[in-house]
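A.B. asks: Predicted model and sequence below, questions to follow.
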Amino acid sequence: RFVLVSELIGRSDANVVMLTATPHRGKPEDYIERLKLVDPSLKASPKELDDERFYRLCMGSIVFRRTKPDVNDIYEKTRIFTDCKFRAKVVRTSEEEELFHRELIEFLRAKLLQYYNMVGEEPKALPLLMTLIAKRASSSPRAAMITLDRIIQKRAEHLKLLETRGKGTIMAELDKDADLIADAVLGYSFEDVGLYEDETEEAADADEILDRFAERCSVILNEEDVKTLKKLHELAKTIKGDKDSRLSSLVNVVSNHLKKGDKVVVFTEFRDTAEYVFEELKRRLPEVADRMALITSKEIVPPATTGRPAKRYDVEDVKRWLKRGDVQVLISTDVASEGLNLQAANVVVHYEPTWSPVKIVQRIGRVWRLGQE
C-alpha cells in the first residue's frame with residue numbers, strides 16, 4: 001500500500017493525501033514516512049525528525065486534523081458528536097490474586113537480573129519472554145495458565161531441537177523473532193508481525209504468536225525456573241469465581257449498564273481472555289446470556305436470539321445484531337477495534353489496561369462516531 005501511494009503521489013497532478021482513522025499508530029517512523037509522501041523536501045531520517053518541535057511545525061502546514069470538538073463547534077456549529085465520558089475503575093484484588101502476582105513479579109525480576117548480570121549486555125529474547133508472561137498474566141488467569149502450560153509442556157521438545165540444531169542458531173533465531181514481535185507485545189499491533197504466516201490463519205493470532213514464541217524460549221529456562229512456573233500455574237488455577245476480582249467487577253458494571261438499556265462492548269487484547277469473559281458473563285448473567293456475542297480472530301459467535309442456522313458470520317452481521325437489539329453485550333478482541341462501526345452501542349469497557357494509548361483511541365472510535373446518540 002505504501003509503494004502504491006508513493007507512486008500515486010509522485011504524479012504532478014496529485015497533491016493531497018487523506019488518511020482515515022488513526023494515521024499515527026504509535027510508531028514514529030511509520031508516521032514520518034507518511035509525512036514524507038506529502039512533503040518530498042523532508043530528507044532527514046525518521047530518527048532525526050522524531051522531535052516535538054518538528055511535530056509542532058507540521059500541524060497546520062502539512063498535517064490538518066478535524067477533531068470532534070472542531071466538527072461540533074467550528075465546522076457544523078451543531079452537536080454532531082455526543083460527549084465521551086472516560087472513567088477508570090480500580091478494583092481491590094483477592095488474596096489469591098495478590099499471592100499469584102507477587103510470586104510472578106519476584107520470578108520475573110530475579111530472572112531478568114540474573115540474565116543481565118551474566119550476559120553483561122542488553123538481551124532480547126529472555127526479557128521479551130518475561131514481558132509477555134507478565135502481559136498474559138495481567139489479562140486473565142486463563143491466558144496466564146495457557147501460556148505457562150505451553151512453556152512447561154513443550155520444553156522437552158525444544159531442548160531436543162536445541163541439541164540437534166545448536167545453541168547459537170536457536171538463540172539467533174529467538175533474538176530475531178524477539179525484534180519482530182517486541183512492538184506488538186508493547187501494545188501496537190500484531191497485524192504486521194509476519195511470524196508463522198506460511199502456516200495457518202490461526203497462527204497470525206496474537207495468542208498463538210506469543211505462545212509459540214514462549215514455548216520456543218523455554219530452552220532459556222533452567223529446571224528451577226520450570227518448577228517456579230509450575231507453581232505459578234497452580235496459583236493461577238485458584239483465581240476463579242469470586243476470586244477473580246476484575247471479572248466480578250465487570251459483571252457488576254455490565255449488569256448496571258444493561259439495567260439502563262445500554263449496549264456494551266467489552267474489549268480485551270487476547271482471544272483466550274475474550275472466550276473466558278464471554279463464558280463467564282453468560283454463566284453469571286443468565287437473564288441476558290442469549291443476547292451476547294463474541295468476536296475473535298478465530299470466530300464470531302452469534303447471540304442465541306438470531307434463530308438462524310450456523311454459518312460463517314462476518315462484521316456486517318455483528319452491526320445488524322447491535323442495531324436490531326439482538327446483541328446487548330459484545331465481547332471482542334482488537335480484531336474489531338479497526339474498521340468496524342459499532343455506534344449502535346454506547347459503552348466501551350477496556351477489560352485490562354492497554355499498554356498503548358493508541359489502542360484506547362481505536363477502540364473508543366468504533367463506538368464514538370457519527371450516529372452515536
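C.D. replies: Okay, I see it.
A.B. asks: distance of Lys243 from Lys237?
C.D. replies: 10 Å (Cβ to Cβ, to the nearest Å). (Glycine included, C-beta is placed from N, CA and C.)
A.B. asks: Let me fix that, I meant to ask about Ala293.
C.D. replies: In terms of Cβ to Cβ, Ala293 sits 28 Å off from Lys237.
A.B. asks: Repeat that for Arg246.
C.D. replies: 17 Å.
A.B. asks: who has more neighbours, those two?
C.D. replies: A direct count of neighbours by other Cβ atoms under 10 Å for Arg246 and Lys237 places Arg246 higher, at 20 against 14.
A.B. asks: OK, contacts around that one?
C.D. replies: Val91, Ser140, Tyr351, Glu352 (Cβ atoms under 8 Å, 6 or more residues apart in numbering).
A.B. asks: Drop anything exposed from these.
C.D. replies: Ser140, Tyr351, Glu352 (16 or more other Cβ atoms under 10 Å).
A.B. asks: Counting by contacts, list what the worst-scoring helix or strand of the chain on mean pLDDT packs against.
C.D. replies: Least confident helix or strand, the chain: helix 167-185 with a mean of 82, by mean pLDDT, DSSP states H and E. Here helix 167-185 touches helix 125-137, helix 206-216, going by 3 or more Cβ pairs under 8 Å, 6 or more residues apart in numbering; DSSP states H and E.
A.B. asks: would you list every one of the helices in the stretch 1-150 of the chain?
C.D. replies: 2-9, 28-38, 46-49, 52-58, 68-70, 95-119, 125-137, 141-165 (DSSP state H, counting those that start in this stretch).
A.B. asks: any idea how far the most centrally placed residue in the chain is from Thr296?
C.D. replies: The chain has Glu269 as the residue nearest its centroid, 3.5 Å off, counting by Cα atoms, centre = their mean. When Cβ to Cβ is the yardstick, Glu269 and Thr296 sit 11 Å from each other.
A.B. asks: same deal with Gly325?
C.D. replies: 23 Å.
A.B. asks: Who has more neighbours out of these two?
C.D. replies: Thr296 (24 against 13).
A.B. asks: what about the closest residue in space to Asp50 that isn't next to it in sequence, distance to Ser138?
C.D. replies: Counting by Cβ to Cβ, 6 or more residues apart in numbering, the nearest residue to Asp50 once its immediate chain neighbours are dropped is Pro28, at 4.2 Å. Distance of Pro28 to Ser138, computed by Cβ to Cβ: 26 Å.
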